[in-house]
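Visitor: Curious how this folds, go ahead:
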Amino acid sequence: MPAISTTTRSARLGLRATPEQETILRRAAEVAHKSLTDFILDAAYQAAEQTLLDQRLFMVSGSQYQALLDMLDRPESDNPGLADLFSRRPVWTRK
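Guide: Alright, predicted model coming up:
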């Protein structure tokens, strides 16, 4: 994870926490020898990165991987529904 530099920060984020959450966060920041802001940003950044990776990376067994490769290597087949979908103009370009 890239280090978060205090000199390049320009976006302001706000949040509210319960007193119990604040206590735990402050204690954890102290243990990690970080400011509360750095601790929260680092933790949130790691969680965000993991969430995004979970959308792109998945683990499979060797046999599942081979089955996926076999499926990708098969010749293409006609798919009228997909052809119809790709022939339409996307909704985000319509006015």
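Visitor: any idea how far the residue lying farthest from the centre of the chain is from residue 58?
Guide: Going by CA atoms, centre = their mean, the residue of the chain most distant from its centre is residue 78, 33.8 Å out. Taking CB to CB, to the nearest Å as the measure, residue 78 falls 28 Å from residue 58. In short, each C-beta sits where N, CA and C put it, glycine included.
Visitor: And for residue 79?
Guide: 24 Å.
Visitor: Tell me how many other residues crowd residue 17.
Guide: Using other CB atoms under 10 Å, residue 17 is surrounded by 12 other residues.
Visitor: and what of the one 3 residues further on?
Guide: Residue crowding around residue 20 was assessed by other CB under 10 Å; the count is 8.
Visitor: secondary structure class for it?
Guide: Classification of residue 20 using DSSP: H, G, I helix; E, B strand; the rest coil returns helix.
Visitor: number of nearby residues for residue 64?
Guide: So residue 64, with other CB under 10 Å, has 11 neighbours.
Visitor: now residue 29
Guide: Residue 29, neighbours per other CB under 10 Å, totals 18.
Visitor: can you pull the contacts of it?
Guide: By CB atoms under 8 Å, 6 or more residues apart in numbering, the residues touching residue 29 are 35-36, 38-40.
Visitor: now, among those residues, which is nearest to residue 89?
Guide: Residue 89 lies nearest to residue 40 out of these, by CB to CB, at 43.7 Å.
Visitor: Hmm, residue 22 and that closest one touching each other?
Guide: No: in this structure residue 40 lies outside contact range of residue 22 using CB atoms under 8 Å: 10.4 Å.
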